[in-house]
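Participant: dropping the sequence and predicted coords here.
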Amino acid sequence: MTGQDAVVLKGGRDGVAVIIDEGATIDAAIRDLRAKLSHAGSFFKGAAFRLEAGRRTLTLAERDALSSTMEEFGIKLRESGGANGVGDEVETPSVVEPRNQRPLRGSSDAVGSTLSGGEDQTLLVKRTIRSGQRIDYEGNVVVMGDVNAGAVVMSTGDIVVLGSLRGLAHAGAQGNDDAVVMAFRLEPTQLRISQYISRPPDEGGPRPDGPEVARVRNGVIQIEAYVP
Amino acid sequence: MAGKVLVITSGKGGVGKTTTTANLGTGLALLGKRVCLIDADIGLRNLDVVMGLENRIVYDLVDVVEGNCKLRNALIKDKRCENLFLLPAAQTREKDAVSPEQMKELCDSLKEDFDYVIVDSPAGIEHGFRNAIAGADEAIIVTTPEVSAVRDADRIIGMLEAHDLSTPKLIINRIRPDMVRRGDMMDIDDMIEILAIKLLGVVPDDQDVIVATNRGEPVVFDRRTRSGEAYHNIVRRIEGEEVPLLQLDQEGFVERLKRLLNLDQKRRKAE
């Protein structure tokens, strides 16, 4: 070992962040995390940590390994969404099961507005989301670029793509039926809103020639032209 | 002299990374540039074979990194070009024999001596890929007009962005103008729209490439071939020249006749 920390625990306004050194191997990170947590005893018990992996892409298995190490010490892994670090948001997979997230507040305020997600926060992503990249956000997501096939955008509120949506979008991911997905070119691999799932027909219909909105009506996802 | 390190990568295997590396390197050398090719595909080396230099290998990349020989001892001078060199990969080792830091160091020292250092990346997105891009200043993505290759290219572009190689350029390999015309193959515009990066060139599907590759001489030597011409144009674009895209759908009389007949058939079917 180089004597450098593979993992740094950093407390902040919004809880404790586990910062993983970009150069460290995942094994070293887990070892170091375990050493640090056992040193701290039961101090962190019941807390929820957030992962910061910098530019590294954590695989699901790696995340699971880290999260189960934390669980050994009674610590939960929390979704790392937030309005900061938009650029990194993509490669730091903030993939986390919705169960660890804050519950949504009531979605009764969804009347007559396109941006009507349950959350009032919106993540602005100023880039194209490419295959293998993923955005998870508690709130609304606006992508200034394309969402390519193989990419995933998941939000608890609405999703707006100022470009082509070719990948998978899941709006209202915690059960908000009023969430919408909107894109300049809506050609997704699959669309999900709340618990509803739909996909384009196999024979491939006409390509959209203008902005469209997908929303749940009468228990199915319907797509209609966007009328401002 | 501080040269440029280019990495040739694709994600998907078999799209022509090694052929592209060999041809761009040779092409640049033919323009009088000092060029060094690095085969970063440790364990599955091919670039030496395509260049026809396999039997001259004494030391390889891993020997250099492990300090078994000096860097200049491992460089193999090309048969035909005085100013073209190859640093071959080790065949008996694996990708993890080299670290990204070591690759970066290697590229940095090579670009002191060369105008261009071109790294041939292995397929995949794992350790070998990270090695290949570690020392790169610019990336060139090779793709073929297949949905899977384009998808992988997209993934690679995303990963390159995360490594601060944010403006890669695209080479579309093995395009078949006749199939594009019939709508049986993705066309160039579709691919550019999805990948949204700058197009460096288009190389037609050409039997001459296979012949040349098997003979161990890059097709760029033969400017009479369409692919040789295409590679030559790409090289000039790398050098900063504005070269228009090769007019691919120059059809001969027979093709035109076939197409007309075909169209006729389709029309008849539609009726």
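Facilitator: Done, it's in. Numbering: from 1, shown residues only, chains lettered A, B, ... in the order given.
Participant: which non-adjacent residue is nearest B:Ser10?
Facilitator: Spatial nearest neighbour of B:Ser10, chain neighbours left out: B:Val142 (4.5 Å); criterion: Cβ to Cβ, 6 or more residues apart in numbering or on different chains. Glycine gets a C-beta too; all of them are placed from N, C-alpha and C.
Participant: my bad, B:Thr92
Facilitator: B:Gly43 (7.9 Å).
Participant: might you report the residue contacts of the closest residue to B:Thr143 other than its chain neighbours?
Facilitator: Leaving aside its sequence neighbours, B:Thr143 sits nearest to B:Ala153 (Cβ to Cβ, 6+ apart; 4.2 Å). B:Ala153 makes contacts with B:10-12, B:141-143, B:170, B:195, as judged by Cβ atoms under 8 Å, 6 or more residues apart in numbering or on different chains.
Participant: where exactly do the helices run in the chain?
Facilitator: Just so you know, I chose chain A. In chain A, the helices defined using DSSP state H lie at A:26-40, A:60-72, A:86-91.
Participant: let's do chain B instead
Facilitator: Assigned by DSSP H, chain B shows helices spanning B:17-30, B:47-51, B:61-66, B:71-74, B:100-110, B:127-134, B:147-162, B:177-182, B:188-195, B:207-215, B:226-238, B:253-270.
Participant: and the first one with helix B:226-238, angle?
Facilitator: Computed by axes from the mean of the first three to the mean of the last three Cα atoms, to 10 degrees, the angle separating helix B:17-30 from helix B:226-238 equals 60 degrees.
Participant: mind listing what's buried along stretch A:18-35?
Facilitator: For stretch A:18-35, the neighbour count (16 or more other Cβ atoms under 10 Å in any protein chain shown) marks A:18-21, A:24, A:26, A:28-33 as buried.
Participant: so which residue is smack in the middle of chain A?
Facilitator: A:Asp136 (0.6 Å; Cα atoms, centre = their mean).
Participant: my guess is A:Arg31 contacts A:Ala6. True?
Facilitator: Yes: counting by Cβ atoms under 8 Å, A:Arg31 sits close enough to A:Ala6 to count as a contact (7.2 Å).
Participant: would you turn the helices of chain A into JSON lines with mean pLDDT and distance to chain B?
Facilitator: Output for those, formatted as JSON lines (pLDDT from 0 to 100; distance: least, Cβ to the nearest Cβ, whole Å):
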{"stretch": "helix A:26-40", "mean pLDDT": "83", "distance to chain B": "13"}
{"stretch": "helix A:60-72", "mean pLDDT": "80", "distance to chain B": "13"}
{"stretch": "helix A:86-91", "mean pLDDT": "39", "distance to chain B": "4"}
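Participant: highest average neighbour count across these?
Facilitator: helix A:86-91 (a mean of 18; mean count of other Cβ atoms under 10 Å in any protein chain shown).
Participant: could you check the distance from B:Met191 over to B:Val203?
Facilitator: According to Cβ to Cβ, to the nearest Å, B:Met191 and B:Val203 sit 13 Å apart.
Participant: ditto for B:Thr213
Facilitator: Counting by Cβ to Cβ - B:Thr213 and B:Val203 are separated by 13 Å.
Participant: of the two, who's got more company?
Facilitator: Neighbour totals were compared for B:Thr213 and B:Val203, and B:Val203 leads with 28 against 21 (other Cβ atoms under 10 Å in any protein chain shown).
Participant: run through the bridge partners of that one.
Facilitator: Under DSSP bridges, the beta-bridge partners of B:Val203 are B:Asn173.
Participant: so who does it touch?
Facilitator: B:16, B:20, B:171-175, B:209, B:227, B:230-231, B:234.
Participant: list just the nearest of those residues to chain A.
Facilitator: When the contacts of B:Val203 are ranked by distance to chain A (Cβ to the nearest Cβ), B:Ile172 comes first, at 16.9 Å.
Participant: skipping adjacent residues, who's closest to the closest one in space?
Facilitator: In space, and not counting its chain neighbours, B:Ile172 is closest to B:Val202: 4.7 Å by Cβ to Cβ, 6+ apart.
Participant: residues contacting that neighbour?
Facilitator: B:171-172, B:175, B:188, B:230, B:245-246, B:248.
Participant: can you pull the pLDDT of it?
Facilitator: pLDDT, B:Val202: 95.
Participant: for it, give its distance to A:Asp177.
Facilitator: Distance, B:Val202 to A:Asp177, using Cβ to Cβ: 47 Å.
Participant: and the closest residue to B:Ile197 other than its chain neighbours, how many neighbours?
Facilitator: The spatial neighbour of B:Ile197 that comes closest, neighbours along the chain excluded (Cβ to Cβ, 6+ apart), is B:Leu170 at 5.2 Å. Neighbour count for B:Leu170, taken as other Cβ under 10 Å: 24.
Participant: ok, now A:Asn176?
Facilitator: The burial count for A:Asn176: 24, using other Cβ under 10 Å.
Participant: thought it was touching A:Gln195?
Facilitator: No: applying Cβ under 8 Å, one finds A:Asn176 not in contact with A:Gln195, separated by 10.1 Å.
Participant: now do residue 213, the pLDDT please.
Facilitator: Let's take chain A. 97.
Participant: um, chain B though
Facilitator: The model's pLDDT for B:Thr213 equals 89.
Participant: same question, the one 4 residues further on
Facilitator: B:Glu217 is assigned 91 on the pLDDT scale.
Participant: thinking again about what came up before, which ones among the contacts of B:Ala153 map onto strands?
Facilitator: Within the contacts of B:Ala153, residues falling in strands by DSSP state E are B:141-143, B:170.
Participant: contacts only, for B:Asp78.
Facilitator: B:26, B:29, B:51, B:53, B:84-86.
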